[in-house]
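S.K.: Here you go, sequence then predicted model.
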Amino acid sequence: MSSSPSEAPTPPAPPAAPAGPAGAVGPIDPAGPADGDVVLEAVDLQKHFKLRGIGSRDVVHAVDGVNFELRRGRVLALVGESGSGKSTIARLLAQLMPATGGRLLLHGEDAATKGRRAFRRYVGRVQMIFQDPFGSLNPVHTVRYMLTRSLRIHRGRLRGTELEDALVELLERVQLKPAERYIDKFPHELSGGQRQRVAIARALAADPEVLLADEPISMLDVSIRLGILNLLQDLRDRLHIAILYITHDIASARYFADRTMVMYAGRIVESGDSEAVTQDPKHPYTQLLVRSAPDPDDLEARAHGARGEAPSLVKPPSGCRFNPRCPFATELCRTEQPPLLPVGEGREAACWGYSDRADKPVLSDITEALA
Amino acid sequence: MRFFLRRLGFYVITFWAAVTINFFIPRIMPGDPVRALIAKNQGRISTDAESALRTLFGLDKDTTLWQQYVDYWNLILHGDLGTSFTYFPTPVADVIAGAIPWTIGLVGIATIISFTVGTLIGSGIGWRRGTWADSLLPISTFFSAVPYFWLALIAITIFSVTLGWFPASGSYDRSLVPTFSWEFISSVIYYGTLPALTIVISSISGWILGMRNMMVTVSSEDYVTVAQAKGLSERTVLFGYAARNAILPQVSSFALSLGFIVGGTLIMEIVFSYQGIGYYLFTAVAAKDYPLMQGIFLVITVAVLFANIVADFVYGVLDPRTRQEG
Amino acid sequence: MTIDTSIVEEGRELEKPSQAPMTGAVAAAPGPRRSGPRKLLFLRNSKAITGMVILAFFLLIAVIGPWIAPYDPSARSSDILQPPSWEHWFGTTHLGQDVFSQILVGTRGVIVVGFVAGILATGIGVIIGVTAGYVGGLGDETLSVLANVFLVIPQLPLIIIIAGQLPSVGGVTVAVVIAITGWAWGARVLRAQTLSLRKRDFVEAARANGESTWRIITAEILPNLTAIIASGFVGTVAFAVLSLITLSFIGIGDTGEWNWGTVLYQAQSQLALQRGAWWWFVPAGLCIALLGMSLTLINFGIDEFVNPRLRSTGLNARSLRKRGIRPRIGFTPVVREAKEDRA
Amino acid sequence: MTLTSPLDGAGAAPLASDGRSQRLTPSADPVLEIKNLSVDYGYDDDPVHVLRQVSLTLGRGEVLGLAGESGCGKSTLAYAATRLLPPPGLITGGEVLFTDRSGVKTDLLRLNDTQLRASRWQDMAIVFQGAMNSLNPVYRIGRQIADGIRAHEPKTTQKEALERAAELLDLVGIAPDRLKSYPHQLSGGMRQRVMIAMALALDPQVLIMDEPTTALDVVMQRQIVEQIAELRDRLGFSVIFITHDVSLLIEIADRIAIMYAGEIVEDAAALDVYHRPRHPYSSALLHSFPPLRGPRRELIGIPGSPPDLSKLGHGCPFADRCEFAFDACAKVNPQLVFPNVPGDDPRRAVACLRHDPSAVRAVGEEPPPVPPELSLT
Amino acid sequence: STGGDDGGTSTKVLTVGMPNGPQQPNQNPLATGSASLSLGYAFVVYESLMQINEIDPTEAPTPWLAESVEWNPEYTQATITPREGVKWSDGEDFTADDIAFSIQLRKDNPELNVDFPDQYGDITVEDGKVVVNFTTGQYVNEVKLYKLLIVPKHIWEGEDAVTFSDDEMIGTGPFTLKSFSPQAVTLTPNDDYWGGKSKVGELRYDAYNDNAGLTTALTTGEAQWGWTFIPDYESTYIDKDPEHFNQVAGGGFGVDVLYLNNETKPFDNVAFRQALNMVIDHADITATAGYGVWPEITSVTGLPQPSGDAFISSEYEGQNLEVDVDGAKKVLTDAGYTYDGDKLIDPDGEAVSFKLTNPSGWTDYLDALGIIAEGAASLGAEATVDAIVQDTWFNDTIPFGNFQASLHWTDGGSTPWNLYSNIMDGASYVPLGETANWNFGRYQNDDVTKALADFKSGTDPDARQASLDIVQQHYVEDVPGIVIWSRPAVAQYSTQNYTGFPTSEDPYANPQPTGPQAALILSKLTPSE
Ligand SMILES: Nc1ncnc2c1ncn2[C@@H]1O[C@H](COP(=O)(O)OP(=O)(O)OP(=O)(O)O)[C@@H](O)[C@H]1O
Ligand SMILES: Nc1ncnc2c1ncn2[C@@H]1O[C@H](COP(=O)(O)OP(=O)(O)OP(=O)(O)O)[C@@H](O)[C@H]1O
Ligand SMILES: [Mg+2]
Ligand SMILES: [Mg+2]
Ligand code: NI
């Protein structure tokens, strides 16, 4: 259970360039699409939650105008503060709730499902791992039941030894070995990490192309975290699954994801190659986020004196949603909403500071600006 | 506010549904008031009287059920509940108005006592869980499991007939004329004591149990531990933190039971010959007195709904979380 | 009441795995362990055991009552209104019938009505409550209104009216009527619970895995409601028994069918208490109280089982008292008992 | 309100705002000494021994970090020390000695209810893990702060208490008009800070914080940690800080105690633990999290899973997962000793047989040498 | 007035208990359901034309508000002579106009006309006498006329008699209303009462919610006069105060009948009806099911005694009912019944079994049915008691004839006519499945039908008796139904405060407090020593 630096992901290819399929022989389909192909794409995704009450017009702008794509064999990390809409995005992608606006494209085709059959087909390709390993396994069922159900749904009526083999194979794939030791256990008899792996096994039973992992490690302690990250990495490399990795832990995003997207108050504020985003954040919020993360090796490089809370999503601030907390905000930031602007190779940031407008704010180091 | 409006809409629908059921149930019952009256008198009213009674009760006209339903709503919306058959020609509203104060007085006070005492005892037991106090539970369980009429009849036999401590029936000394004199009021209290006591005894255990369980749950909430950690006095922690929060679910049950007070405890009123509304309802059902039955149902429905609205409101006052918008 | 210690011991063994969920990590437990019997954990509770023993006793009587009854409960004899004696343990009625036999024979009616009503009401409550909670939206509102209407309408009068409408009021009919009027409370509780379960991740996860709605309700949600349903069932049975008795008492119901309510009804209509024939009136009432108490005690057991917070102390109350430990919130007991290990 | 400045407080540890190195010296002036504390869970005949003879000393003005795998007993230690452990917790032995400002020691475990009530919050305050549930949802936060004040200072009027509450809120960076808010109207971060303000109300000497930032995002976490550090500097209380987040701990703690399976396995200055771990578990823990900046480094997980506390054998509980384990580890449970690695802080302690040759000899085995990974200097 | 005799009037209160529940303030003495009728105090404020002794219908009526009532031979016209010197309690004179008005009220308001629906003709006042015409002969109903309560024209004239609540209660009777409350109504003596001021100083009517409540009140002496069925009244009631407590039964012709469905098996066979009649133990039923409250029927004619003595046909005089199992079996075997072991097999070869149906809760009936079932069992027939819902019994079972045997009461009346007509009058016959008013057993015999009609309209006493003989003969031989006991008016009273109530030695009136006879009884009451 170790990952050497040499296994660290190579920087992802730019979206346009097709990645070489060499060596990417996964068990799914050797002749299948190449790594880096877009599998699932979100276009202008939008989710507004209605507030309770008859005739209430107020909505929570949980997700607003979000675009991104998930690629085969690649990991996309989604970071951002609590309540910025990360889980909502995952649920939208899993079609667990209807989107208010925007489209989902699966292999370039509209993925909106009508009817149970189409939905089943969809979930066979897009699977989700829930945020909470303690909550997402039904306490009354054994591991066997949960995995069997998933196998039956997605692979048809398996029986007898066939079923048994499939179960063992699944459990071994998530490193729960020997399988017999775990198969008849109830969730409460498993540790957090083991549960998380059962949840992953359940998702894998569908042989999905896309895995939506919603903060799979937030509740776990460091040693268990590592095991799960290694597992996901392995899935990506061996099975070429496209993974959406939602997390609070920026360091893990740096380690594990090819690309990282940063959300703030329902919008994407920055995206780019993980290493670049974490080492050289462009958007002031990303800077604040990265600088705030504790780092024992670099005790001085921290943002001090950050104040303020996340904005209300019912009445989000006009213009850039970060403007009330941003030390560089100008009138422009307060009135006009910045689009995602290119800020480097394969990188974008939604900050007027990177535009060529005359009234653009002047950015500097956020650590100093706040101090 | 929006929350309350929504609740209100919900209540309006419930009200409509309840009233409609109240309207149809008596009408799909077999039998009619005249036959019921003749049955009750078993030979003392001759069958010849049937047609006269039919005319008297206005049952000789043929109206469709739908027409009756429309008329009924029309009357309700004008605040008119019609005329009772049994007490013809007294308007149902008068019958109810005469009975309700007694019921509310007796059952209401009994319920409040039961709630207060039961909640207090429940807090104590819940707080001192694992001590001798727990042994109170099986005792109170016994009294809640016993049929009320059984308890009441035995109470009458022991305390009224044998010991003569309390009168066996009635709401006040029959030789008195209702006035606002001390003599009358004390008589009302004296006559109400035994019924009230039996109600309290048979209903208190529900409150004790409910409160105890909530106390146990709430006691293990973090904020109670924090209160202890702050070094607050035991009283403050018990009443200000644990019981204060544990009582919340009790409040809605209490409101519901307050609503049912208006329905009276039918059995109590029969057993103690108390002149409350529950007994009227019972008579009305037996006599097929639809207008009275409907009227009483209506009043009970409104009372229960109202109590629920009040409970919602009180809950909102007691628990700021429910006031949260969005 | 002596407690069947074998059950206690067994329960204790079973308890262990259930402590594990808090650690979140279980060391290599030897071999797979079924935790199905965990559901019987509440048997460790002394209250529940007392309740179960009493209930079992009545169930037994319900089955064998008619065979062991010393007399035909309806048979007249010349011993009219006799106080309890060796021939007639609970005395006789105005017709010289044996009260003891009436109660033995009448147990079955009470139990059958109680359980039939309990099963039906719980069934309706589960269907409506769980559906409302799961479906949400308009369906939920409609079903909630329905449940509320049944809550708002005073129950006893409603039962009287509905019962009065039926051609004959045998035990099962009464049970059905009680069920029709008594399901609403359970439905409400279940709805609330389902609402919260529905938002749980494991339900969402099942959905994300492509499970059908029907299967989610039956396989994912319902098993988690077992304890609540069980305690609702027990509560309804108790309620049904009381309702049956009360109905019989006010003369609704088949007075020809023996149950404790008809015994009480006869006793009351023959003015047993006024005539000093307490033996006619008291035993049936005590039986009801005992049965009701046993059901409440079982309910206790279920409650304490459902609520893990109630579990531990309730289970060990006696040994705690012996050791002088009073578990309290905020004042952890300090017991310096001699320790054999690691000293 | 007068907040005692730590600098003029008698006997206060020398505080340094000018650099960390000075703070590394463990205090010679302990404010809280936990000695041989043992805690069981379960009232039946077969309880889980969650804490086994844990000893820990907190110096005046010191921030002591407590880390360890989840379920190893960190919270239990904090709650037991304040006797706030919920049922079925049971303290089965040990002492918790508190030294007040005038140097008088009291054993908190021997106080009666009244004395304990009086001592709480005055001497030692605790901030619980879940701020969401720590505040009573039905009272305004002002009232909740004020009633703590008034319970200990009965002469204070409600108005004075509220004024003080306002000052306290200001101290933690919340606008005083928030006094009138209900808990649910505050964000998680604000609630957490209210809890901190509340804990500071009576100017306690010891502040215990159980995972105060776990539920928050990093930006908020940063704000709170800074606030605590600043207040500690100003007010001079001592802190026990419990968290999973080792990187955070290294940053804010003076000293770190690493717990494993209900025992303290290492107790040393923060940077010493980070750079020169002595216990195999500490070492593994520190290699399990990825660094945010700087070069990517190899991450080594900890194989296996923590032992079941209810079935502990007699050896070292970590032995099963330890790459340095040897025969004696299965027989002897190591005690905290001072490893004699040259150049070490003499006060750092570790519970590992690799560092305790005498214990190994006691069972008749030959102690192996200390592996280089555990003797970095 | 001070304690002692003030013109003979005591200050003690006579309390009348009624089990009808709390009342509404409606004193209307004409509308069914008013408080005054329900509790009965209408009968002490308002009075009737004549007093009749229901115990002994042959006794001539006692003039009351009417000096006399004369009928034409066809009983279609009554001439009423009002009493002189009677004043309403407000001082106005009582006249023939009041009588005519009161009767006219009933004619004009069908709601109030419970006694002679659609049977009134012209009502006129001639020479201070009231002449009331009827459209049919009223021989069997004459007492109904005598019992009509008379109200003052000058008060009622402008009112709607149906809804008038009559708060003042201006009447001619011995008492006037003092106060009303839902659970007790108090009356004081009318000082100017034409019969002399009552010696009862205060009269109070107490409302109890049910029989049990009233029983408790009676046994504790709280209520002194009333009527409720007290099981085992000797020990439950009398023994509580043997010196003062009394229960007396009146007479009359009301009986309870076991209706046998003459058109379905097994009762379509007259032999089986006869046999059943021979095995019913009337004495046991009376003693056990009726606790001796309901007098036993001994005459084979089913007529209650002594009221019926005068009507029993000479043929059956002295012939009493007896249990005769062997005789009954013989009747059966003669008619072609056989036995299979103990089981009775009818001529069609089927085992005989039947159900005895009555509403649940009517315990005296059900107990009686149980004893009847035992009788049937002694014949080898299997009878079961089927307790059903009262409404079903009332609306479905009884009128449509959906029963095999069921207990039901008959109207009282002052002649046996109602009793027999109710059981076996072909005029009331309707086929099974249609609503029957009486003759629920569907007995049909033209002779009987004619005899009953003759009796009703007959003008000559001998001819009437001849008709009755025919009816009785068929009753005895055909057993269309079985009278099980008589149901006279019964009352309990305590002589604690007042004496002079009717006793079994001096049954001068129906002893119940609710009825026009109350005025008569009250006039006889004197304070106890
Ligand atoms: N069902 C819902 N109804 C109304 N509002 C919702 C609902 N679900 C989420 N929200 C709101 O939408 C916003 C985004 O929520 P989401 O759960 O996606 O955040 P997140 O980024 O996953 O946060 P965290 O990091 O805490 O998991 C929040 O403000 C939340 O309150
Ligand atoms: N009620 C209980 N009964 C039995 N064991 C318990 C109970 N409560 C806690 N434990 C056990 O005690 C041990 C210590 O728990 P504690 O809460 O102190 O851990 P922790 O170190 O704070 O963990 P975390 O980091 O997850 O908060 C755990 O193994 C837990 O399983
Ligand atoms: Mg989330
Ligand atoms: Mg913890
Ligand atoms: Ni041990």
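M.R.: That came in fine, so what should we check first? Ligands and ions are numbered 1, 2, ... in the order given.

S.K.: Tell me how many other residues surround the residue of the stretch 251-400 of chain E found nearest chain B.
M.R.: Closest approach of the stretch 251-400 of chain E to chain B (CB to the nearest CB) occurs at E:Asp391, with a separation of 4.1 Å. No exception for glycine: its C-beta is placed from N, CA and C like everyone else's. Using other CB atoms under 10 Å in any protein chain shown, E:Asp391 has 23 neighbouring residues.

S.K.: what about it, helix or strand, and which?
M.R.: Assigned by DSSP states H and E, E:Asp391 falls within helix E:390-392.

S.K.: Quick check: next helix or strand after that helix?
M.R.: Counting by DSSP H and E, what follows helix E:390-392 is helix E:398-400.

S.K.: Other residues contacting that following helix?
M.R.: Under the criterion CB atoms under 8 Å, 6 or more residues apart in numbering or on different chains, residues E:Ser406, E:His408, E:Leu432, E:Gly433, E:Glu434, E:Thr435, E:Ala436, E:Asn437, E:Phe440 lie in contact with helix E:398-400.

S.K.: so how far is ligand 2 from the closest residue to C:Val176 other than its chain neighbours?
M.R.: Excluding the flanking residues, the one nearest C:Val176 by CB to CB, 6 or more residues apart in numbering or on different chains is C:Leu120, at 6.4 Å. As for C:Leu120, its distance to ligand 2 is 39 Å (criterion: CB to the nearest ligand atom, to the nearest Å).

S.K.: Assign C:Leu120 to helix, strand or coil.
M.R.: Here C:Leu120 is recorded as helix under DSSP: H, G, I helix; E, B strand; the rest coil.

S.K.: so it sits right up against C:Val177, yeah?
M.R.: No. Using CB atoms under 8 Å, C:Leu120 is not in contact with C:Val177; the gap is 9.9 Å.

S.K.: When those two are compared, which one has more neighbours?
M.R.: C:Val177 (28 against 21).

S.K.: Where does that one sit: helix, strand or coil?
M.R.: Looking at C:Val177 with three-state DSSP, the answer is helix.

S.K.: quick one, strands of the stretch 101-250 of chain A?
M.R.: A:101-106, A:109-110, A:126-129, A:210-214, A:242-246 (DSSP state E, counting those that start in this stretch).

S.K.: okay, these in JSON lines with mean pLDDT, distance to A:Thr278 and mean neighbour count next?
M.R.: Listed next are the strands of the stretch 101-250 of chain A as JSON lines, based on pLDDT from 0 to 100; distance: least, CB to CB, whole Å; neighbours: other CB atoms under 10 Å in any protein chain shown:
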{"stretch": "strand A:101-106", "mean pLDDT": "88", "distance to A:Thr278": "28", "mean neighbour count": "17"}
{"stretch": "strand A:109-110", "mean pLDDT": "84", "distance to A:Thr278": "34", "mean neighbour count": "9"}
{"stretch": "strand A:126-129", "mean pLDDT": "90", "distance to A:Thr278": "23", "mean neighbour count": "28"}
{"stretch": "strand A:210-214", "mean pLDDT": "90", "distance to A:Thr278": "18", "mean neighbour count": "26"}
{"stretch": "strand A:242-246", "mean pLDDT": "92", "distance to A:Thr278": "13", "mean neighbour count": "26"}
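
S.K.: Put together CSV for those, with distance to E:Ile484 on each row.
M.R.: Converted to CSV, the strands of the stretch 101-250 of chain A look like this (distance: least, CB to CB, whole Å):
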stretch, distance to E:Ile484
strand A:101-106, 85
strand A:109-110, 86
strand A:126-129, 80
strand A:210-214, 83
strand A:242-246, 87
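
S.K.: is chain D contacted by the lengthiest helix in chain A?
M.R.: Secondary structure of chain A per DSSP state H: the longest helix is helix A:222-239. Yes. Helix A:222-239 reaches chain D (CB under 8 Å from any CB of the partner chain) through A:Val222, A:Ser223, A:Arg225, A:Leu226, A:Gly227, A:Asn230.

S.K.: Could you do stretch A:62-76 as well?
M.R.: No. Applying CB under 8 Å from any CB, one finds stretch A:62-76 separated from chain D by no less than 14.1 Å.

S.K.: how about that stretch, does it get close to ligand 1?
M.R.: Yes. Under the criterion of CB under 6 Å from any ligand atom, stretch A:62-76 makes contact with ligand 1 via A:Ala62.

S.K.: Specify the local secondary structure of A:Ser271.
M.R.: A:Ser271 ends up strand, using three-state DSSP.

S.K.: and the residue lying closest to it once chain neighbours are set aside, how many neighbours does it have?
M.R.: Nearest residue to A:Ser271, sequence neighbours excluded (CB to CB, 6+ apart): A:Met261, at 4.2 Å. Neighbour count of A:Met261, defined by other CB under 10 Å: 25.

S.K.: Could you give the backbone dihedrals for A:Met261?
M.R.: Taking degrees, to the nearest 10, you get phi -120, psi 140 for the backbone angles of A:Met261.

S.K.: Name the helix or strand for A:Ala42, please.
M.R.: A:Ala42 belongs to strand A:38-50, assigned by DSSP H and E.

S.K.: following that strand, which helix or strand shows up next?
M.R.: In N-to-C order, the element after strand A:38-50 by DSSP H and E is strand A:59-71.

S.K.: Next one: D:Asp344 relative to chain A, how far apart?
M.R.: Separation of D:Asp344 from chain A (CB to the nearest CB, to the nearest Å): 19 Å.

S.K.: Pretty sure that residue sits against D:His275.
M.R.: No. With contact defined as CB under 8 Å, D:Asp344 does not reach D:His275; the gap is 11.6 Å.

S.K.: Give me the pLDDT for the closest residue to chain E within the stretch 151-300 of chain A.
M.R.: Across the stretch 151-300 of chain A, the shortest distance to chain E (CB to the nearest CB) belongs to A:Phe186, at 52.2 Å. At A:Phe186, the model reports a pLDDT of 83.

S.K.: distance of it from chain C?
M.R.: 5 Å.

S.K.: cool, and E:Leu452?
M.R.: On the measure of CB to the nearest CB, E:Leu452 and chain C end up 34 Å apart.

S.K.: That residue: neighbour count?
M.R.: Residues near E:Leu452, counting by other CB under 10 Å: 23.

S.K.: give me phi/psi at it?
M.R.: Main-chain dihedrals, E:Leu452, degrees, to the nearest 10: phi -70, psi -40.

S.K.: next one: D:Met259
M.R.: Per degrees, to the nearest 10, the backbone of D:Met259 is at phi -110, psi 150.

S.K.: Next: the one 5 residues further on.
M.R.: Recorded main-chain torsions at D:Ile264 are phi -90, psi 130, according to degrees, to the nearest 10.

S.K.: Contacts only, for A:Arg157.
M.R.: Applying CB under 8 Å, 6+ apart, no residues contact A:Arg157.
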